[in-house]
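Undergrad: with the sequence up front, the predicted model follows.
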Amino acid sequence: MTAESEDNFKKQCKKAADALAEADVLLVVTGAGFSADSGLAVYGDVAKVKAYQERNLEYRDVCQPKWVETDPELFYGFWGQCFNDYRKTKPHIGYDIS
């Protein structure tokens, strides 16, 4: 990195830091991988359960609200497992942004 590039980089970092310091709100948007760093399954793996595979169901299939009426055992089994996973998982340091 040239001295000019480094100087420009530092100026841009200062500009960004100033903007953040003056902001009323900071919205951080992440993907599913952010939770994966805590040990939670990503969308592609959440429904990799034998009972769902036997019915040829994937994540987008099992997370549908229609199951509460048509197959409550499937609905509560899926969402209950998700709830329990989130409840027992310790968030990684990235969640400590304050």
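TA: Everything's here; your move.
Undergrad: now the residue nearest the centre of the chain: closest residue in space that isn't a chain neighbour?
TA: Central residue of the chain (Cα atoms, centre = their mean): Ala32, 3.5 Å from the mean position. Nearest residue to Ala32, sequence neighbours excluded (Cβ to Cβ, 6 or more residues apart in numbering): Val42, at 4.6 Å. No exception for glycine: its C-beta is placed from N, CA and C like everyone else's.
Undergrad: which residues does Leu26 contact?
TA: Leu20 (Cβ atoms under 8 Å, 6 or more residues apart in numbering).
Undergrad: what kind of secondary structure is it in?
TA: When classified by DSSP: H, G, I helix; E, B strand; the rest coil, Leu26 comes out as coil.
Undergrad: count of neighbours near the residue nearest to Ala32?
TA: Counted with other Cβ atoms under 10 Å, residues neighbouring Val42 total 13.
Undergrad: and for Trp79?
TA: Neighbour tally, Trp79, other Cβ under 10 Å: 15.
Undergrad: distance check, it against Asp18.
TA: 44 Å (Cβ to Cβ, to the nearest Å).
Undergrad: again with Glu54
TA: Separation of Glu54 from Asp18 (Cβ to Cβ): 56 Å.
Undergrad: got it, and Asp71?
TA: 54 Å.
Undergrad: neighbour count winner among these two?
TA: Counting neighbours by other Cβ under 10 Å for Asp71 and for Asp18 shows that Asp71 has the greater number, 14 against 10.
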